[in-house]
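Asks: starting from these lines, generate the structure:
(chains A and B)
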Amino acid sequence: MKAPVTVLLMCLSVQLIAQPRDMAPLDVGKPASQDLIHRWNTAIQPDGRGLPPGQGCVSEGKRLYAKQCAACHGEEGKGGVYDVLVGRLPEGSFPFATEAGHKKTIGNYWPWPTTLFDYIRRAMPFLTPGTLSDAQTYSLCAYLLHLNDLLPENACLDADKLPKIVMPAQHRFVPDNRLQTSSVR
Amino acid sequence: MPQPSAFSRRRFLQLSALSSGVILAGQNTTADIRELGPWASPYGKRSRHETAVRDATGIVMQESETPQQALSGTITPSALHYERHHAGIPDINPDTHQLLIHGMVERPLTFSMADLYRMPQTCRTYFLECAGNGEHSFEVGEKTSPQKLCGLFSQSEWCGVALGSLLRETGLKPRASWLLAEGADACLLTRSIPVEQALDNVIVAYAQNGEAVRPAQGYPLRLIVPGCEGNMNVKWLRRIEVSDQPFMTREETSKYSDPLRNGTVRQFSFVMDAKSIITRPTYPMQLEKGWHEIRGVAWSGRGKVKSVEVSDDGGKSWHSADIQPPILNKSSVRFGLLWNWDGTERILTSRATDDTGYVQPSVKELIAIRGKQSLRYHNNTMISWRVQPDGLVTYLRTD
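Replies: Predicted coordinates:
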């Protein structure tokens, strides 16, 4: 009866000691609560996935901007201490690689409108991030896009309208191609 | 004209052999009166005579630079690791911190620190380099140190759990192709990473150089993406969301992208290409004539450093430097070359080649390919130093 006992012991040791790479899940970690996922699931994707209900308009955005944003970004998105937000370039012009002095703005550089909502709600205002409501965030997006000549003055934005705005520089963005060669690119 | 004999490997070997055979003799022991020093302490400090510090800069001190000229070897002391923050350093309690993984996964899970400690530990030495390292190279004057030119580069041994192990716990839905990593800092910084890359040696790190990751480096959890720009190595990691497309966050669109001469913008330029810098002799050193070891550090985000060459004539002739082992993947090496300064003006430059055959470009070469303003990010060009006849070493702009 010795042989079956040895086989049994071998089976046990396989279950107790395992090489991680060959393994099934270890059952470490706890099922995430729907509440936590709901609270933290705030990222917006370029097709609009993640955008919340509600809406906001240029007019409200203008009032909010003056109160919450202008101190850093300047009146109407220019002339502040921090990033310039407003400015367009002539059709076909894109001098950022070669000419000094051009500021990358929402209107001349940002490729996706959804990034605006995601970033403002996530990280702005710089000293009090997290304080803007969804409606306020929509209205700030609307105002900034209006200042960049991408929306009329009476426009409002919601989850349906925001992703449909085509940003002027979007077609210029291409994926990294450096690793296809050992030459310098 | 420089003599080839200014660089001598044989001389280096002779000196090494001599130094190991020195005998101390004839000391006057009667005058050798000694004092007891302090006893052992719970947490060590460096000598009070050591003064090298990070240089904090930015309008609201959002970054600090590693003093490259003061360091030896390849591990950056954690206290001197460069910093780049987008909304300050959060104070996180590890007992309540959790990492959420959700989205296109089979089982959305949270991991506590205790959960992560249970899992197999992966330790690797990787460099971190901010994409903006060297962005001021074409603005600064000759009185510029390696710290100011190349201070957003550091290296540590990182330990934690392979991200692949965590994704095996959650499972991945068939369409999963990108994931979003999110920090718990005030701006909840986010970056997108292809799933394929996330499974390739990415570490969810809880330790740096043998102890817990420093608060400025992401305590208690930092994503380590080998060879890739610092910004992707998300600090204070609290959430990973899996999707079927990149999220196009601000940090991967309006920032950290590279406008090119042809009017396109290179996006997701993750990998930091091969680079090197001489750290000694450099500004503000004052040289005396004779033998000096030219020393520096080299790395490549593509793989291993294969060779480093040094020139003392502005790139007309190149000499192979010695590289100190170990040579690790996506990890920096120390190089050195013994050199005899004859008192004339010399231009010192280094260039790295990695095991993919990629050669670090000169400033003129990369400007011709990408455009000078494009080098705001991902500037891996050669760095030159002028040794003046009076012995002062200064930074030499070559744009």
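Asks: what's the local residue count around B:Asn340?
Replies: Residues lying near B:Asn340 (other CB atoms under 10 Å in any protein chain shown) number 16. Yep, even glycine has a C-beta here, placed from its N, CA and C like the rest.
Asks: distance of it relative to B:Asp312?
Replies: Taking CB to CB, to the nearest Å as the measure, B:Asn340 falls 10 Å from B:Asp312.
Asks: identify the contacts common to the two.
Replies: B:Ala6, B:Phe7 (CB atoms under 8 Å, 6 or more residues apart in numbering or on different chains).
Asks: separation between B:Tyr256 and B:Arg84?
Replies: With distances taken as CB to CB, B:Tyr256 is found 11 Å from B:Arg84.
Asks: who touches the residue of chain B found nearest chain A in this structure?
Replies: Taking CB to the nearest CB as the measure, the point where chain B comes nearest chain A is B:Gly371, at 3.1 Å. Counting by CB under 8 Å, 6+ apart, B:Gly371 makes contact with A:Ala97, A:Thr98, B:Pro259, B:Leu260, B:Arg261.
Asks: got it, and B:Met119?
Replies: If a contact means CB under 8 Å, 6+ apart, then B:Met119 has A:Pro20, A:Leu26, A:Val28, B:Val161, B:Ser165, B:Leu166 as its contacts.
Asks: what do you get if the cut-off is 7 Å, keeping everything else the same?
Replies: With contact set as CB atoms under 7 Å, 6 or more residues apart in numbering or on different chains, B:Met119 has these partners: A:Leu26, A:Val28, B:Val161, B:Ser165.
Asks: any idea whether the spatially closest residue to the second one that is not a sequence neighbour is helix, strand or coil?
Replies: Spelled out, it's A:Val28. Counting by CB to CB, 6 or more residues apart in numbering or on different chains, B:Asp115 is the residue found nearest to A:Val28 once chain neighbours are left out, at 5.0 Å. Secondary structure, DSSP: H, G, I helix; E, B strand; the rest coil: B:Asp115 is helix.
Asks: just the element for the residue of chain A found nearest chain B, please.
Replies: The nearest approach of chain A to chain B comes at A:Ala97, 3.1 Å away (CB to the nearest CB). In this assignment (DSSP states H and E), A:Ala97 forms part of neither any helix nor any strand.
Asks: find the nearest non-adjacent residue to it, please.
Replies: In space, not counting the residues next to it along the chain, A:Ala97 is nearest to B:Gly371; the distance is 3.1 Å by CB to CB, 6+ apart.
Asks: about what we covered before: ok, the residue of chain B closest to chain A to B:Gly357 distance?
Replies: According to CB to CB, B:Gly371 and B:Gly357 sit 24 Å apart.
Asks: helices of the chain, start to end?
Replies: I went with chain A, as the question did not name one. Using DSSP state H, the helices assigned to chain A run over residues A:2-16, A:34-40, A:58-68, A:70-73, A:113-123, A:134-147.
Asks: could you do chain B instead?
Replies: Listed in chain order, the helices of chain B (DSSP H) span B:9-19, B:113-118, B:146-150, B:163-170, B:195-198, B:363-370.
Asks: and the ones you listed, which is most packed in?
Replies: The densest packing among the helices of chain B, expressed as mean neighbour count by mean count of other CB atoms under 10 Å in any protein chain shown, is seen in helix B:146-150 with a mean of 24.
Asks: what's that helix packed up against?
Replies: For helix B:146-150, the helices and strands in contact under the criterion 3 or more CB pairs under 7 Å, 6 or more residues apart in numbering or on different chains; DSSP states H and E are strand B:275-280.
Asks: CA atoms of the strand it packs on as PDB?
Replies: Extracted in PDB, the C-alpha atoms of strand B:275-280 (Å, rounded to 0.1, in the frame of the first residue of the first chain):
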ATOM      1  CA  LYS B 275      21.300  58.500 -24.300                       C
ATOM      2  CA  SER B 276      24.500  59.200 -22.400                       C
ATOM      3  CA  ILE B 277      26.100  62.100 -20.500                       C
ATOM      4  CA  ILE B 278      29.600  62.700 -19.200                       C
ATOM      5  CA  THR B 279      29.200  63.500 -15.500                       C
ATOM      6  CA  ARG B 280      32.900  64.200 -14.800                       C
END
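Asks: so that strand, near chain A or not?
Replies: No: Strand B:275-280 lies out of reach of chain A by CB under 7 Å from any CB of the partner chain, never closer than 11.8 Å.
Asks: ends of stretch B:113-128, what's the gap?
Replies: Stretch B:113-128 stretches 23 Å from its first residue to its last (CA to CA, to the nearest Å).
Asks: what's the average pLDDT for that stretch?
Replies: For stretch B:113-128, mean pLDDT is 98.
Asks: in chain B, what secondary structure element scores lowest on mean pLDDT?
Replies: Comparing helices and strands within chain B by mean pLDDT, DSSP states H and E singles out helix B:9-19 as the least confident, with a mean of 51.
Asks: need the contact list for the nearest residue to B:Leu80 once chain neighbours are set aside.
Replies: Excluding its sequence neighbours, the residue lying closest to B:Leu80 (CB to CB, 6+ apart) is B:Thr66, at 5.4 Å. Residues near B:Thr66 by CB under 7 Å, 6+ apart: B:Arg54, B:Thr76, B:Leu80, B:His81, B:Tyr82, B:Gln147, B:Gly151, B:Phe153, B:Ser154.
Asks: pretty sure B:Trp158 contacts B:Ile203?
Replies: Yes: assessed by CB atoms under 7 Å, B:Trp158 is found in contact with B:Ile203 at 5.6 Å.
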